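>>> Here's a sequence, model it:
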Amino acid sequence: MNGITAKGQTVEEAVQSALTQLQVSREQVEIHIVDEGKKGFLGFIGSKPAIVDVVVKKNPVEEAEKYLKSIIKEMNVDVDVEKAVKGKEIVFTLSGEQVALMIGKRGTTLNALQYLTQLVANRYTKQYISVLVDAESYREKRKKTLESLAHRLAKQVYATKKKVVLEPMPSFERKVIHQVLSNHPHVTTASEGADPHRHVVIEPK
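Modelled structure (predicted):
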């Protein structure tokens, strides 16, 4: 049951009645007062009950998981999804024989899934939720690859005195490059362009 209309002698009574029937807390619902009611003469003559509509808020974690699984189903790929919630971060781990299909070239498919799932999660909350979609420890492997790339290109820029423009990357990958070279004595980094073509530029100081 996602919502209910309840009555009571007062608005508070009506709300409590709805919460009891829905078996949820006040923080989990949205309350719309239909009628504040009216206290009648001598407490009952001409009285009107208070009426409220109470709707259960959608859980952002559940909605994100449901969306991700629906996309995987539409792709007709046999993949399992495991979920872990760490504060305001949701980590979805994909596994299975066909999981490589979910990664794509340089993680493009995985990045797209992560971006869309994060949009869905944040549609149902006012507090920003971070979503990470991983498969076969790809995120950690990719991070190490980017760190190695950053060091190698920094040496190249220092030696040639010419800037290097990297391929477009999502923000969390660009962040890896920036962090690795943030205290480099000879080069500096900057993000340029607009998404989805935003990229990192490494140039000499």
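
>>> Could you find the residue nearest the spatial middle of this structure?
For the chain, the residue nearest the mean C-alpha position is residue 118 (2.8 Å; CA atoms, centre = their mean).

>>> Could you tell me which residues within the helix or strand where it lies count as buried?
Remark: residue 118 resides in helix 108-123, with elements defined by DSSP states H and E. For helix 108-123, a neighbour-count test (16 or more other CB atoms under 10 Å) marks 109-111, 113-114, 116-118, 120-122 as buried. All C-beta spots, glycine's among them, are computed from the backbone N, C-alpha and C.

>>> From the residues you listed, pick the one nearest residue 192.
Residue 192 has its nearest neighbour among the buried residues of helix 108-123 in residue 111, at 19.2 Å by CB to CB.

>>> Going along the chain, name the helices of this protein.
In the chain, the helices defined using DSSP state H lie at 11-22, 60-74, 100-103, 108-123, 138-160, 171-180.

>>> contacting residues around stretch 82-92?
Here stretch 82-92 makes contact (CB atoms under 8 Å, 6 or more residues apart in numbering) with 61, 64-65, 68, 81, 93-95, 117, 121, 127-134.

>>> quick one: average pLDDT of it?
Mean pLDDT, stretch 82-92: 94.

>>> With just CA atoms, put it into CSV.
Coordinates of each C-alpha in stretch 82-92 appear next as CSV, following Å, rounded to 0.1, in the frame of the first residue of the first chain:
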residue,chain,number,x,y,z
GLU,A,82,24.5,-6.8,-5.1
LYS,A,83,23.8,-3.7,-3.1
ALA,A,84,25.7,-2.1,-0.2
VAL,A,85,24.7,1.2,1.4
LYS,A,86,27.4,3.3,3.1
GLY,A,87,26.0,6.5,4.5
LYS,A,88,24.9,8.5,1.5
GLU,A,89,26.7,6.3,-1.0
ILE,A,90,25.1,3.3,-2.7
VAL,A,91,27.5,0.7,-4.2
PHE,A,92,26.0,-1.7,-6.8
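
>>> Run the chain-centre distance for it.
On the basis of CA atoms, centre = their mean, to the nearest Å, stretch 82-92 sits 9 Å off its chain's mean C-alpha point.

>>> what comes up buried for that stretch?
90, 92.

>>> Identify the residues contacting the spatially closest residue to residue 173 that is not a sequence neighbour.
Nearest residue to residue 173 in three dimensions, chain neighbours excluded: residue 146, at 6.1 Å (CB to CB, 6 or more residues apart in numbering). Listed by CB under 8 Å, 6+ apart, the contact set of residue 146 reads 173, 176-177, 180.
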